[in-house]
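> How does the following fold in three dimensions:
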Amino acid sequence: MEQAAPGVRPRRGWGTGLSSPRAVFWAAFALVALMSTLWAVASPLFSVPDENAHVAKAVAQLRGEVIGEAVEGRKHLVVDLPEGYDYNHGMMCYLFIPEHSAECGVDFGDGTGEQDFETWVATYNPIYYAVVGWPSLLTDDGIVAVYAMRILSALLCSLLLAWAFQLALAGSRARWMPFGAAFLALPMVVYFAGAVNPNGVEIAAGAALWLGVLRLLESFGTADDPHARPRWYLWLVVTISASLLVNARAIGPLWVLVIAVACSAVVGWRSAGRLFATRGSYPWLVAIAAASVFSLAWTLGTGGIASQADTADAPLVGASPLVGVAVMIRHTGDWVQQVLGVFGWLDTPLPFEAYLLVAVALGVLVVLAAAGSDRRGAIVVIGSLALALLLPALIQGFQISRTGLIWQGRYGLILYLAVPIAAAWALSRGSGDRLAFLSSRLTWIGVSLLAAFSSIAYVWVMRRYTQGLTTARSDEFPSSPWQPPIDDIALCVLYVVVALGFAVWIGRLGMLAARGVEASRADG
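This next block holds a predicted model:
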């Protein structure tokens, strides 16, 4: 145990041992990195949405072709691919046919493909591709390079998510925060973390920013929390995560603005005022502003938001904003299902029973927070739900005339993750003390349900790609198993073990957080 300074009462329980900030960070990093890396090696190359386009851009960009060239007869910009990276569309023969395994696909870079690629992400911000694309410079084997890029992306996202977990627990009142933070490792989060797709970094950076801004604004409150992280550290997390988020996708600056405004409303506008009245805030704010200016300049300079889709590209091109908003709201159930887990190119949903597991865990937490906290807590929870459900409708609705209906649930996952965090935050406040006796019990139950859901998702998706999801083999869909680089059974067993380990870790943190609150009361 840490030694207290002379004349200072030692901290009890919370903030030492297993629950120390350093231990929380490294445990979260290790567990999330394992889960996301296991997803990285379990999914066939380019089975993740748009991964083929993102890989082509990364490989070309690291060789000096940052945007690509317009070629007559090609709709999108074209980039050149080096030897060993030639692309054959036959790699993705199993897409949209979940009864087929991935065995029918040809190997990436096997010499049967083309040396150029028409990529629809050519004008995307180059920051993500510069970070994850460099392994392609070390090998002429395209398959090895893509797996290396996936693992590198997994490690980057795990770093950001580890910060989010650490800051979720950075407070004297964190009784319910382990339960809320457990949703940051939902299967879709770690699935995209272990893929070559900037959506993964967007989600992870958004999670770190939600918790970073929340804790930073709390540090400008009137009460001094002895278990809070140093303000310089909070600023570091906020600056790095915000800079990555604004440059992940074109919509990044909007996400940063939404998170800043939402957290200010939750903590209180006075805290935001004190932040801007503090001189030490401005070097960090300038760094975030510079990253934002680069993002906006890149997007506007490359015409990333000015292109007009054709009617054949997507439904409802040319529709009015009102129609777009109405259609988005009508499809809310689809977006929620996709957030929870629809894998591949939206061609691999999970069994209905699996969704019930996560729905029960989330539903209990949200209902308890809305009904068991005070008026302010209820407003925070209901507001987070409204933000997650309505903001995507407004965003897509006002773009639908130009883009058509192209929304996918993963685009709004950054908003949905705020719901369990908001619910846990509301319950952890003093107004939630009447339900304090439930925190440890429900945390254990909730994370057990999430571990079961995560394990089912992994095994189900593995089965889809190795064998196909047909219930009875037939001549139409003969058995032709595909194998990932590591034996599929071994991967499934390892993933289940890691998911259970994650659940045990979160459950223990829930117990320690509850004890920490009681210890703080006794000391107070």
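> alpha carbons only for contacts and neighbour counts from here, please
Fine.
> For the stretch 251-400 of the chain, give me the ranges with low pLDDT.
Scanning the stretch 251-400 of the chain for pLDDT under 70 picks out 304-307.
> show me where it has helices.
Along the stretch 251-400 of the chain, counting by DSSP state H, counting those that start in this stretch, helices occupy 252-267, 269-277, 282-301, 321-330, 332-341, 352-372, 375-403.
> can I get those in a markdown table with distance to residue 126?
Below are the helices of the stretch 251-400 of the chain laid out as a markdown table (distance: least, C-alpha to C-alpha, whole Å):
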| stretch | distance to residue 126 |
| --- | --- |
| helix 252-267 | 13 |
| helix 269-277 | 31 |
| helix 282-301 | 9 |
| helix 321-330 | 30 |
| helix 332-341 | 26 |
| helix 352-372 | 35 |
| helix 375-403 | 22 |
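> Of these, which is nearest residue 82?
Closest to residue 82 of those, according to C-alpha to C-alpha: helix 282-301, at 25.9 Å.
> In this structure, which residue is most central in space?
residue 203 (2.9 Å; C-alpha atoms, centre = their mean).
> which residues touch that residue?
Going by C-alpha atoms under 8 Å, 6 or more residues apart in numbering, residue 203 touches 189, 413-414.
> Could you save these as a markdown table and add columns showing distance to residue 98, pLDDT and neighbour count?
Converted to a markdown table, the contacts of residue 203 look like this (distance: C-alpha to C-alpha, whole Å; pLDDT from 0 to 100; neighbours: other C-alpha atoms under 10 Å):
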| residue | distance to residue 98 | pLDDT | neighbour count |
| --- | --- | --- | --- |
| 189 | 22 | 98 | 28 |
| 413 | 24 | 96 | 24 |
| 414 | 28 | 97 | 24 |
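> hang on, the earlier thing: host element of the residue nearest to the centre of the chain?
helix 198-219 (DSSP states H and E).
> Helix 252-267 and whichever helix or strand comes after that helix, what's the angle between them?
Counting by DSSP H and E, the next helix or strand C-terminal to helix 198-219 is helix 231-248. Counting by axes from the mean of the first three to the mean of the last three C-alpha atoms, to 10 degrees, helix 231-248 lies at 140 degrees to helix 252-267.
> Which neighbouring elements make contact with helix 231-248?
helix 127-132, helix 198-219, helix 252-267, helix 282-301 (3 or more C-alpha pairs under 8 Å, 6 or more residues apart in numbering; DSSP states H and E).
> Determine which stretch of those helices is the most buried.
helix 198-219 (a mean of 27; mean count of other C-alpha atoms under 10 Å).
> Taking helix 269-277 as reference, get the angle to it.
Computed by the same axes, to 10 degrees, the angle between helix 198-219 and helix 269-277 is 100 degrees.
> Now helix 198-219: average pLDDT?
Averaged over helix 198-219, pLDDT sits at 97.
> Work out the gap between that helix and the centre of the chain.
With C-alpha atoms, centre = their mean, to the nearest Å as the basis, helix 198-219 stands 10 Å off its chain's centre.
> Just the CA trace of that helix, in PDB.
What follows is helix 198-219, C-alpha atoms only, in PDB (Å, rounded to 0.1, in the frame of the first residue of the first chain):
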ATOM      1  CA  PRO A 198     -10.700   4.600 -39.500                       C
ATOM      2  CA  ASN A 199     -14.100   3.900 -38.000                       C
ATOM      3  CA  GLY A 200     -12.300   1.900 -35.300                       C
ATOM      4  CA  VAL A 201     -10.100   4.800 -34.200                       C
ATOM      5  CA  GLU A 202     -13.100   7.100 -34.400                       C
ATOM      6  CA  ILE A 203     -15.000   4.900 -32.000                       C
ATOM      7  CA  ALA A 204     -12.100   4.500 -29.600                       C
ATOM      8  CA  ALA A 205     -11.000   8.100 -29.700                       C
ATOM      9  CA  GLY A 206     -14.600   9.100 -29.100                       C
ATOM     10  CA  ALA A 207     -14.900   6.900 -26.000                       C
ATOM     11  CA  ALA A 208     -11.700   8.400 -24.600                       C
ATOM     12  CA  LEU A 209     -12.900  11.900 -25.300                       C
ATOM     13  CA  TRP A 210     -16.300  11.400 -23.700                       C
ATOM     14  CA  LEU A 211     -14.600  10.300 -20.400                       C
ATOM     15  CA  GLY A 212     -11.700  12.800 -20.800                       C
ATOM     16  CA  VAL A 213     -13.900  15.900 -21.200                       C
ATOM     17  CA  LEU A 214     -16.300  14.700 -18.500                       C
ATOM     18  CA  ARG A 215     -13.400  14.300 -16.000                       C
ATOM     19  CA  LEU A 216     -11.600  17.500 -17.100                       C
ATOM     20  CA  LEU A 217     -14.700  19.600 -16.600                       C
ATOM     21  CA  GLU A 218     -15.300  18.000 -13.200                       C
ATOM     22  CA  SER A 219     -11.800  19.100 -12.200                       C
END
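> Good, wrapping up.
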